[in-house]
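1. this one's sequence-less:
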């Protein structure tokens, strides 16, 4: 049980990590492909860029903003959780994107939202146009200007469905395992307790004087050895009883008891 719970938690972690990587990649690719459409504020060009992303079943909504925060293109699903949602780009979100210059994410109750900056190369000054850009140190990134933002929301229902499928699979395997284990234990116990019960009944009958009966030896394990030992004991007691004239059965025991009862008055008179 503990191993199953830990396995489910590990699968959920892996699903979530893959989900986050895919969302960041989708938002980054859309920001890259939408650069020209945002620069020209061409709605049709932006919608064509959004078409491939919006067709993904996990994508709940896509919004593309211009440099001033105006919505240039938008596509949202019919999820009830989106009703009443405002799509304005907050000052805080824009400030973080200007500072970090890379896609960022934040989780909500039903969605994980990704924000990616749409950047273009910074305009050159007249001196840079005439003389060219000054060389920069190794590893330095070219200057970029943020001209828009992509907001991409992925629904968590996909992860929940995957986890639900894993839970149902794990529960089914567990139930089948317990059923098979119960059946195996039942037949194993019957195989062990059945011979033991027969040996117990035979020993009780031996104690009551039925020495002619034997127990069939069906196995070579400890149960079979015990059955053979009981048979040897019964035969030995039967030979001893027949050789000494002692009763070897219940009827012989009753006759011996009757004789003792009839001789009891003589014994009492002799004693007097």
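-> Okay, I see it. Just so we're clear, the structure is a prediction, and the values are computed from it rather than from any experiment. Residues are numbered from 1 along each chain as shown.
2. Show me the shaky parts of the chain.
-> Across the chain, residues meeting the criterion (pLDDT under 70) sit at 1-5, 80-81, 122-142, 211, 241, 243-272.
3. name the helices or strands packed onto the biggest helix by length in it?
-> Longest helix in the chain by number of residues (criterion: DSSP state H): helix 157-207. Judged by 3 or more Cβ pairs under 8 Å, 6 or more residues apart in numbering; DSSP states H and E, helix 157-207 is in contact with helix 2-33, helix 222-244. From N, CA and C alone the C-beta is placed, and that goes for glycine too.
4. could those helices be laid out in TSV, adding mean neighbour count and distance to residue 161?
-> What follows is the helices and strands packed on helix 157-207, written out as TSV (neighbours: other Cβ atoms under 10 Å; distance: least, Cβ to Cβ, whole Å):
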stretch	mean neighbour count	distance to residue 161
helix 2-33	14	10
helix 222-244	14	53
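5. so which of those gets nearest residue 144?
-> Residue 144 sits nearest to helix 2-33 of all these, at 11.4 Å, using Cβ to Cβ.
6. Helix or strand next in line after that closest one, which one?
-> Tracing the chain C-terminally past helix 2-33 and defining elements by DSSP states H and E, one meets helix 35-40 next.
7. Identify all contacting residues around that following helix.
-> 42-43, 45-46, 49, 64, 66-67, 72-73, 118-120, 147-148 (Cβ atoms under 8 Å, 6 or more residues apart in numbering).
8. Identify the residues contacting residue 228.
-> residue 217.
9. How about the contacts made by the nearest residue to residue 214 once chain neighbours are set aside?
-> Once flanking residues are discounted, residue 214 sits nearest to residue 231: 4.7 Å by Cβ to Cβ, 6 or more residues apart in numbering. Neighbour list for residue 231: 214, 215, 217 [criterion: Cβ under 8 Å, 6+ apart].
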